[in-house]
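> Fold the stuff below for me.
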Amino acid sequence: MKRILFALMFVLLSMALTFAQSVGEIRNPETFGTRVFIDDLGREVELPANITRIAPSGSNAQVIVLQVAPEKLVGLASSLSADEKTIYPSFTHSLPAFGTLYGKKANLNKETLILADPELIIDVGDIKGSVEDMAKDLDTISAEVGVPVIFIEANMDNYPDVFRRLGRLLGCEDRAEKLAAYYDEVVETIGKHSFVSKPTVYITSSNDALEAVIAGKSHAQCAEKAGAEVVVSSKLAQNGSISLETLYQLDPEYIFTYTEAGYKTVTTGSEWSTLRAVQNGDVYLVPSMPHGFIDNPVCSNRIVGLWYLASIFYPEAGIDIVARTREFYSLFYGADITAEQARGILHLN
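Below is the predicted model of the structure:
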């Protein structure tokens, strides 16, 4: 009787395993050519097993996909400027521009996107609104263009994980690991010095230099990751604007401007001359080619921004910012720029 029971159990177990294997093959890339990816909104999205054609959702996604798997891009968020073309790989110069998929500045050209025939659209960055609302929005967009859309949350706290995750998804593990390891090196270097002091900074995006970057927001993350204190809080700024009187009270050690006009305002305006950053010559025009080193957009180009800020905040670290900039552009963009080009990008000429 026991032998019969054991035999029956063996047969049932074999049947169960066979059934499980057959069900598993529904998502087996070798059999059906698809797999399921769970994005950072909790959505289960069916994707091709071998992804070769990607459309970015916007500038943030464009930059990080370019850095991990450039050959898979079938379009860009916006057309490249002449300066950007000196850094971006030559094959990208003729790619179509789709516009931005999502957000306040959404201007997606669905016809251009469909004609480019992507297999996947990648959205990268912060969650916009609630998880539920964003998930519905991406599902709607996916249905409209007939292309799966995934979202990966990315910021300066998790870039290594994002690189590695994209590497696994896109079959570029080795390259992704190099990018992740590089970022870890930057953060480790800064960590050795940032505990000594916490420099105070004011960052402005406007020509009159009174539009402030607010502490704790994604736009301030690069400076804060570099160990600085961004002096303007949301309580001090009205709709992002701040008065000179308030700045006099804050009196930051460093001022960073995004525009040349803003830089000129701060460095030549008599009403700014009493600020110690101006008196000490610690006012900087932030590099922005091909993308902003601190912001604009809040993308992974900010990794070289960490080197840039650390070279200013911690001179004792001995960071050769020209060499580090050339190194970053070579690894992340495949662009071998000269020392003179790097100095131009850094506004050191």
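> going forward, measure contacts between C-alpha atoms and count neighbours the same way
Fine.
> what bits of the stretch 51-200 of the chain have low per-residue confidence?
Applying pLDDT under 70 to the stretch 51-200 of the chain flags the ranges 103, 195-196.
> What ranges does it have for its helices?
Listed in chain order, the helices of the stretch 51-200 of the chain (DSSP state H, counting those that start in this stretch) span 59-68, 82-85, 110-116, 131-145, 159-170, 173-194.
> Name the residue closest to the centre of the protein, please.
residue 299 (2.7 Å; CA atoms, centre = their mean).
> Now do the contacts for residue 276.
251, 252, 253 (CA atoms under 8 Å, 6 or more residues apart in numbering).
> What number of neighbouring residues does residue 213 come out with?
Look at residue 213: counted by other CA atoms under 10 Å, it has 27 neighbours.
> What residues does it make contact with?
Applying CA under 8 Å, 6+ apart, the residues contacting residue 213 are 202, 203, 204, 205, 219, 220, 230, 232, 240.
> do residue 242 as well
By CA under 8 Å, 6+ apart, the contact list for residue 242 reads 210, 211, 212, 236.
> Quickly list the domain ranges of the chain.
Following automatic domain parsing, the chain resolves into domains at 1-25, 26-180, 193-345.
> Of the contacts of residue 276, select the buried ones using a PyMOL command.
With 16 or more other CA atoms under 10 Å as the criterion, this PyMOL line picks the buried residues out of those:
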select buried, resi 251+252+253
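> and of the contacts of residue 276, the nearest to residue 57?
residue 252 (36.3 Å; CA to CA).
> ok, the closest one touching residue 232?
No - look at residue 252 against residue 232 with CA atoms under 8 Å: they stay out of range, at 9.7 Å.
> shared neighbours of those two, anything?
What both residue 252 and residue 232 touch, as defined by CA under 8 Å, 6+ apart, is the set residue 202.
> nearest residue to residue 106 other than its sequence neighbours?
Leaving aside its sequence neighbours, residue 106 sits nearest to residue 100 (CA to CA, 6 or more residues apart in numbering; 4.8 Å).
> Identify the residues contacting the one you found.
With contact set as CA under 8 Å, 6+ apart, residue 100 has these partners: 57, 58, 59, 77, 78, 106, 107, 108.
> same deal with residue 81?
Contacts of residue 81 (CA under 8 Å, 6+ apart): none.
> Could you report the distance from it to residue 88?
10 Å (CA to CA, to the nearest Å).
> How about residue 326?
Residue 326 is 14 Å from residue 88, by CA to CA.
> cool, residue 236 as well?
Taking CA to CA, one finds residue 236 at 39 Å from residue 88.
> What of residue 325?
Using CA to CA, residue 325 is found at 15 Å from residue 88.
> again with residue 98
Going from residue 98 to residue 88 by CA to CA gives 17 Å.
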